[in-house]
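# Generate a structure from the sequence data that follows.
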Amino acid sequence: YYWSNGFILSVFMVMQIITGVLLSFVYVGDYLSSFFTVMSISNDSFCGWCLRYWHIIGVNMLFILIFIHMGRSLYYTGYSTKGVWNIGFLLYLLVMGEAFTGYILPWHQMSYWAATVLTSIVDSVPIFGATIYKYIVGGFSVSGDTLVRILSVHICLGFIILGFMILHLFYLHKDGSSNPLYSFVNLSDLVYFHSYYTVKDLLLFNIVISLVLFWMFYYPDALVDIEAYLEADPLNTPVSIKPEWYFLAFYAVLRCIGSKLGGLILVLSILFFIWVPTSGKISSFSIVRQLNFWCIVSLFSSLIYLG
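As a prediction, the model looks like this:
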């Protein structure tokens, strides 16, 4: 059933793109109107609240599925198929960028200050950081011009992710998937995808959809910060500025380093460490490989908790 996660992940990503496109029909990327437009979608539009909360809860579920998917690949040496792993890791980075740009668009207190904090980190990069910063924010600070640029990037990234998903699937069918024994079999040893795996995929998909619906109808604001219901105010800094839970591990690293540049370098080092777990082809039964995997999981979970 661990191998069914990729199918569910793909469906959820497509659903996020569809709900995002529908929301973009009524969203206004304006400094003065964005927050009230989002509130109007939830309060005044027909079933707008359902569409918006599905998009919010969907991104949380998407990252849960991504972490499970990457964890399974790390545990069962999925990184041995270089093409699949490299494109998959690039997809993870693109989804993080997509999630962050989408978090800014409602233009509430937390999204505004999250944009301010992240762009200030870009500004701290020596030599060319200040130039990149001005291109990102469209001026000397986060403003309405920033919001317009973020909206364009958010829409474009969604379709770029869709393209890389197709490429990821192509390499998966070309190179084959990993297995616990790390064995390569002939075509005569394989089983048909239907109906052996379609039944498992549909069963888990129905379970996950049921969880999302329960989450949306009973606890829609479980992971929504209270600052998300306050309009962005550049003159009023929130008491605690923190990102969504799937960014907390990297946020914890940035907070523990006094220098913004040093924190950025450490975050990139951690991402590089996860991207290149090992250069050898090691069985999933290897004690060294299992210790390496659980160290990564423990470290990442601890950073999320501390963040």
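
# Quick one: residues contacting Val122.
Contacts for Val122 (Cβ atoms under 8 Å, 6 or more residues apart in numbering) come out as Gly129, Ile132, Tyr133, Ile136. C-beta coordinates here come from the backbone N, C-alpha and C atoms, glycine included.

# out of these, which one sits closest to Leu306?
Distances from the contacts of Val122 to Leu306 were compared by Cβ to Cβ; the smallest belongs to Gly129, at 26.9 Å.

# pLDDT value on Ser283, please?
At Ser283, the model reports a pLDDT of 53.

# distance between stretch 149-164 and the chain's centre?
Mean C-alpha position of stretch 149-164 versus that of the full chain (Cα atoms, centre = their mean, to the nearest Å) differs by 13 Å.

# With stretch 241-260 instead?
Going by Cα atoms, centre = their mean, where stretch 241-260 is centred and where its chain is centred differ by 15 Å.

# From the rest of the structure, what touches it?
Stretch 241-260 is contacted by residues 60, 63, 67, 96, 99-100, 103, 110, 113-114, 117, 120-121, 124, 223, 225, 263-264, 266-267, 270, 300, 303-307 when judged by Cβ under 8 Å, 6+ apart.

# Ok, stretch 218-234 next?
Contacting residues not belonging to stretch 218-234 are listed as 35-36, 53, 56-57, 60, 106-113, 141-142, 215, 238, 242, 244-245 [Cβ under 8 Å, 6+ apart].

# Which ones among those residues map onto strands?
Secondary structure from DSSP state E places none of these in strands.

# and the residues you listed, which of them are in helices?
Those of these mapping onto helices are Phe35, Phe36, Tyr53, Ile56, Ile57, Asn60, Gln109, Met110, Ser111, Tyr112, Trp113, Trp215, per DSSP state H.

# The last one against Ile57, yeah?
Translated: Trp215. Yes: contact status for Trp215 versus Ile57: in contact at 5.3 Å, counting by Cβ atoms under 8 Å.

# what about the helices in this structure?
Applying DSSP H to the chain gives helices spanning 5-24, 34-43, 48-75, 82-104, 109-123, 129-137, 144-175, 193-196, 198-218, 248-256, 260-275, 287-306.
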